[in-house]
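*Asks:* Sequence first, predicted coordinates after that:
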Amino acid sequence: MRVYQIQDDWGMANLKIAERPQPQPQAGQVLLRMRASSLNYRDLVVPERGYGSFTGTLPLIPLSDGVGEVVEVGPGVTRVAVGDLVCPTFFQGWIAGDPDLARMTGSLGGPIDGTMAEFMCLSEQGVVKVPDYLSDSEAATLPCAALTAWSAVATLGAVKPGERVLVQGSGGVALFALAFAKLAGAQVTVISSSDEKIERLKALGADATINYRTTPEWSKAAREITAGRGFDHIVELGGEKTLPQSLRCIRPGGTLSMIGVLSGSSLSTPLGLIITRQVRLQGVTVGHRDGFEAMLRALEQHRVPIIVDRVFEFDALPDALAYLRSGAQFGKICIRH
């Protein structure tokens, strides 16, 4: 079968198309014919061995997110059947409960081989059936970006009707966070880099918007939106350069969900604001299968639209990664298998 893999040495230049034997499902396993994959920021980090020893070993098939059709099942499989359309879970061993080291080191696309292959063989416990209303590309966006947003807003954040939520950007996690916060009945403010993106965000339900390029001190404008009270919840995707401003517009006792480090991963911020305002800093790394299935029920019930920016062909993975690096996308970038 054809795969994309990082081989010989780490580095984006060593991402190559290769051939591997087609896997065969054993007891409790399912064989998927992959239909689509989608990209996340971590897919720029993995080829450079950016997670150290937790990145895995070479050769490594990248990408964590995808969707495939069950084409064969091993003995004893009961969760899914041949013909089902399923997504692999990001953490193959995290079914439910609190995170621990074992549950959080078994992630697809590093250290476990990922979705950029014609076929995948996985435990039946590591896949979930997807709603019928979604296209292949839309379904492929769910395992990491959608579940991360769901974990931040619903599972850990427990956003309530009437609360004020601020979301940063217009990438995959941001748009899912906007959608899920609106489902919860929240008032949602989104900051973005262009007026064009802001108009699209308004069409998706954003109650207020701020262009952070024309308003560099966006935290002041954000506080004005809340009449000086501050936000109950901030979905923090920028990291180093956005966190100080987030702390200036979170309300005392508010929750700041730390998800992304798009602007840098170093911490240089006045810690006094965290202490004196009793701010809750909640790290979020995807989530467990139980949360995934709860999210899927919400998606199906409300027919939440999923925004796919561009779809690239399988052979064009390097071009798709370059587009991701540019930051020009609105929503998700996908790969057709």
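*Replies:* Perfect, thanks for sending it.

*Asks:* Before we move on, what's the pLDDT of residue 276?
*Replies:* Predicted confidence (pLDDT) at residue 276: the value is 79.

*Asks:* Check the spacing between it and residue 247 real quick.
*Replies:* In this view, residue 276 and residue 247 are 10 Å apart by CB to CB, to the nearest Å. For glycine as for every other residue, the C-beta is placed from the backbone atoms N, C-alpha and C.

*Asks:* which residues touch residue 178?
*Replies:* Contacts here follow CB atoms under 8 Å, 6 or more residues apart in numbering; on that basis residue 178 touches 167, 188, 190, 201, 204-206.

*Asks:* can I get those in a markdown table with secondary structure, pLDDT and distance to residue 60?
*Replies:* As requested, those are exported to a markdown table (DSSP: H, G, I helix; E, B strand; the rest coil; pLDDT from 0 to 100; distance: CB to CB, whole Å):
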| residue | secondary structure | pLDDT | distance to residue 60 |
| --- | --- | --- | --- |
| 167 | strand | 97 | 32 |
| 188 | strand | 98 | 37 |
| 190 | strand | 97 | 35 |
| 201 | helix | 96 | 35 |
| 204 | coil | 96 | 35 |
| 205 | coil | 96 | 38 |
| 206 | coil | 97 | 38 |
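
*Asks:* Which among the residues you listed count as buried?
*Replies:* Among these, the ones that count as buried by 16 or more other CB atoms under 10 Å are 167, 188, 190, 201, 204, 206.

*Asks:* now those as a markdown table including distance to residue 25?
*Replies:* Formatted as a markdown table, these follow (distance: CB to CB, whole Å):
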| residue | distance to residue 25 |
| --- | --- |
| 167 | 40 |
| 188 | 43 |
| 190 | 43 |
| 201 | 43 |
| 204 | 40 |
| 206 | 44 |
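
*Asks:* ok, back up a step: ok, residue 276 and residue 247, which is more surrounded?
*Replies:* More neighbours surround residue 247 than the other of residue 276 and residue 247, with 23 against 10 (other CB atoms under 10 Å).

*Asks:* just for the stretch 151-300 of the chain, where's the confidence low?
*Replies:* Under the criterion pLDDT under 70, the flagged ranges of the stretch 151-300 of the chain are 260-270.

*Asks:* any chance you could map the helices in it?
*Replies:* Secondary structure of the stretch 151-300 of the chain by DSSP state H, counting those that start in this stretch: the helices cover 172-183, 195-203, 218-225, 243-249, 271-276, 289-302.

*Asks:* Contacts for the longest one, please.
*Replies:* Applying CB under 8 Å, 6+ apart, the external contacts of helix 289-302 come out as 87, 89, 94-96, 125-126, 128-134, 142-143, 146-147, 150-151, 154-155, 180, 183, 304.
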